[in-house]
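K.L.:
what follows is a predicted protein model with its sequence.
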Amino acid sequence: MKILLIGSGAREHALAWKIRQSSITDELWIWPGSPTMSAHGKRLDIGGDARWADVARLAKNQDFDFVVVGPEQPLEEGFADSCQDLGLPCFGPLQSAARLESSKAFSKDVMAAAGIPTAAFFVVKGEAECRAKAMECLERTQGVVIKASGLAAGKGVFVCFDKASIEDACQRLYYSGMAKAAETVVIEEVLKGRECSFFVFMGEGTPTPLGFAVDHKRLKDGDEGPNTGGMGCYTPVPWLPENAGDQVMAKVVEPLIRELSKRGMKYTGCLYVGLMWNDEGFAVVEFNARLGDPEAEVLAVHDKRDWTKLIAMKLGLLPEDKNFLADAKKNSGATVCVVLASSCYPFGEAATGRYVVPKAEFLNEDKSLCAFAAAVRLENDELVTGKGRMLTIVSHAENVTEARRKSYDHIDRLTKDWVGVQFRRDIGSHMEKLTK
Ligand code: AMP
Ligand code: GLY
């Protein structure tokens, strides 16, 4: 099959690596792509500033069998709708269903209507109502979460335990370039517990769970420092109850599909379910309309199944093979990934260390130790690091302790002379069970 992959980060690098391994992948093309993704596919010949409708038309004219979308932005901007209009199968939801991520107000409304467990909430408009409602909630509870409803690049959520932090959240929401995303705001109760995410491929036939992963969102060890896009993760999640996957399918995914169907919507693509677990059970924190980054990197390495075939089934291009569900049991051991970020991440425009990453780092022939690149560019035939999350190092081993050791041994060698890199040392180190 001839496949187009949209995106350019480490998540898409991992997807390109994974899609390329399939016996049904004849040609993989990428857009906008990255120097390291080029090892797996050719770049679509269209300018970086092309409109989504033009990318879809070119893909249709060049006889692609289907498109896979990595990031949320093209989905929010209606890329899947352009594909649908042209009759080009797209693995990624239509704009209306992608609102599960791009509108928290919509997502909470769907959860409430479907009876999906989630934090109690209010939807408010404008700064005055936001402040008043948050203050009022704080009187009755110990804390409130204030969330910009629109996409805010992970910066629009504030967990507040006092009046001063509510004030601070209002300042940031309404006066620091986020006002559009914060036109509507969701105010909700603080959930207690431990977070993890669950991923499901959806479309034709029965949804196929990929599994759970735990992301470490704070910048520093011990969950200190500012929130980031994710500094590393592990899969599977040993502290969850054994039937956790069945519970999430029955209490979240199935009611969600029924509710969307009532509203005339169908979800095709990967659904990301953000969850909070405690000893009493779980609640949904958020939905995203895509794979996570870096969750995609651990799952792509851990899951031995052929994702290209799975995606083709979800698009109705291959008949459904129910063995894919049972085959998940063949996945064994544990997979851990650690993100190497520039020292200014997640803020800072300041120039940081410029480091040349050996090309051999990205060969990824040993499928149990892989490197996927985000902020790495090609300069005079050398791969040079930039700002932000730069590399994700993924290791698979018999257990999480071994996988951690393998990742960190590799990282210690790689970063020996690397100035301007930061990473967490404690990814995957908290494995104790939830129950007291
Ligand atoms: P969201 O974008 O909705 O996932 O929120 C980002 C992060 O804020 C989550 O990953 C949680 O760590 C935290 N968060 C969001 N909602 C809540 C909540 N109701 N209770 C506690 N923490 C939350
Ligand atoms: N790693 C969190 C996310 O992709 O949203």
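P.N.:
Yes, it's here. Ligands and ions are numbered 1, 2, ... in the order given.

K.L.:
would you mark the buried spots in stretch 255-263?
P.N.:
Under the neighbour-count criterion of 16 or more other Cβ atoms under 10 Å, stretch 255-263 has P255, L256, I257, E259, L260 buried. (Glycine included, C-beta is placed from N, CA and C.)

K.L.:
again with stretch 309-325
P.N.:
For stretch 309-325, by 16+ other Cβ under 10 Å, it's K309, L310, I311, A312, M313, K314, L315, L318, F324.

K.L.:
using TSV, please lay out these together with pLDDT, distance to V237 and secondary structure.
P.N.:
Below are those laid out as TSV (pLDDT from 0 to 100; distance: Cβ to Cβ, whole Å; DSSP: H, G, I helix; E, B strand; the rest coil):
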residue	pLDDT	distance to V237	secondary structure
K309	97	25	helix
L310	97	21	helix
I311	98	24	helix
A312	98	28	helix
M313	97	26	helix
K314	98	24	helix
L315	98	29	coil
L318	96	30	coil
F324	82	21	helix
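
K.L.:
taking the buried residues of stretch 255-263 one by one, which sit in helices?
P.N.:
P255, L256, I257, E259, L260 (DSSP state H).

K.L.:
T392: which of these is nearest?
P.N.:
Taking Cβ to Cβ as the measure, T392 lies nearest L256 of these, at 28.9 Å.

K.L.:
I'd say the closest one and I116 touch.
P.N.:
Yes: under the criterion of Cβ atoms under 8 Å, L256 makes contact with I116 at 6.4 Å.

K.L.:
what touches both of these two?
P.N.:
V110 (Cβ atoms under 8 Å, 6 or more residues apart in numbering).

K.L.:
wait, what's in contact with I116?
P.N.:
Taking Cβ under 8 Å, 6+ apart, one finds V110, K251, V252, P255, L256, V284 in contact with I116.

K.L.:
need the residues you listed in JSON lines (columns: pLDDT and distance to R57).
P.N.:
As requested, the contacts of I116 are exported to JSON lines (pLDDT from 0 to 100; distance: Cβ to Cβ, whole Å):
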{"residue": "V110", "pLDDT": "98", "distance to R57": "32"}
{"residue": "K251", "pLDDT": "98", "distance to R57": "41"}
{"residue": "V252", "pLDDT": "98", "distance to R57": "36"}
{"residue": "P255", "pLDDT": "98", "distance to R57": "37"}
{"residue": "L256", "pLDDT": "98", "distance to R57": "32"}
{"residue": "V284", "pLDDT": "98", "distance to R57": "37"}
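
K.L.:
just give me the closest of those to E139.
P.N.:
Comparing the contacts of I116 against E139 with Cβ to Cβ places V284 closest, at 25.9 Å.

K.L.:
for burial, what's the neighbour tally of the closest one?
P.N.:
For V284, the count of nearby residues is 22 (other Cβ atoms under 10 Å).

K.L.:
most centrally placed residue in the protein?
P.N.:
When Cα atoms, centre = their mean is applied to the chain, the residue found nearest the centroid is G292 (1.3 Å).

K.L.:
am I right that it falls within a helix?
P.N.:
No: with DSSP: H, G, I helix; E, B strand; the rest coil as the criterion, G292 is coil rather than part of a helix.

K.L.:
could you report the separation of it from I393?
P.N.:
17 Å (Cβ to Cβ, to the nearest Å).

K.L.:
show me where the stretch 101-250 of the chain has its strands.
P.N.:
Assigned strands in the stretch 101-250 of the chain, in chain order: 121-125, 144-148, 157-160, 184-189, 194-202, 208-215, 218-220, 224-227, 232-235 (criterion: DSSP state E, counting those that start in this stretch).

K.L.:
pick out the shakiest of those strands, pLDDT-wise.
P.N.:
Note on the strands of the stretch 101-250 of the chain: lowest mean pLDDT is at strand 224-227, with a mean of 88.

K.L.:
what does that one contact?
P.N.:
G154, K155, V157, K217, R218, L219, P346, F347.

K.L.:
repeat that with 6 Å
P.N.:
Contacts of strand 224-227 with the rest of the structure, by Cβ atoms under 6 Å, 6 or more residues apart in numbering, involve K217, R218, L219, P346.

K.L.:
buried subset of the residues you listed, written for ChimeraX?
P.N.:
To isolate the buried members of the contacts of strand 224-227 in ChimeraX, using 16+ other Cβ under 10 Å:
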select :217,219,346
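
K.L.:
out of the contacts of strand 224-227, which is nearest to S38?
P.N.:
For the contacts of strand 224-227, the nearest to S38 is P346 (27.0 Å; Cβ to Cβ).

K.L.:
close to ligand 1: what parts of the protein are there?
P.N.:
Contact residues, the chain versus ligand 1 (Cβ under 6 Å from any ligand atom): 119, 145, 147, 157, 159, 188, 190-191, 195, 217, 274, 285-286.

K.L.:
which of these lies closest to ligand 2?
P.N.:
Taking Cβ to the nearest ligand atom as the measure, ligand 2 lies nearest K217 of these, at 6.7 Å.
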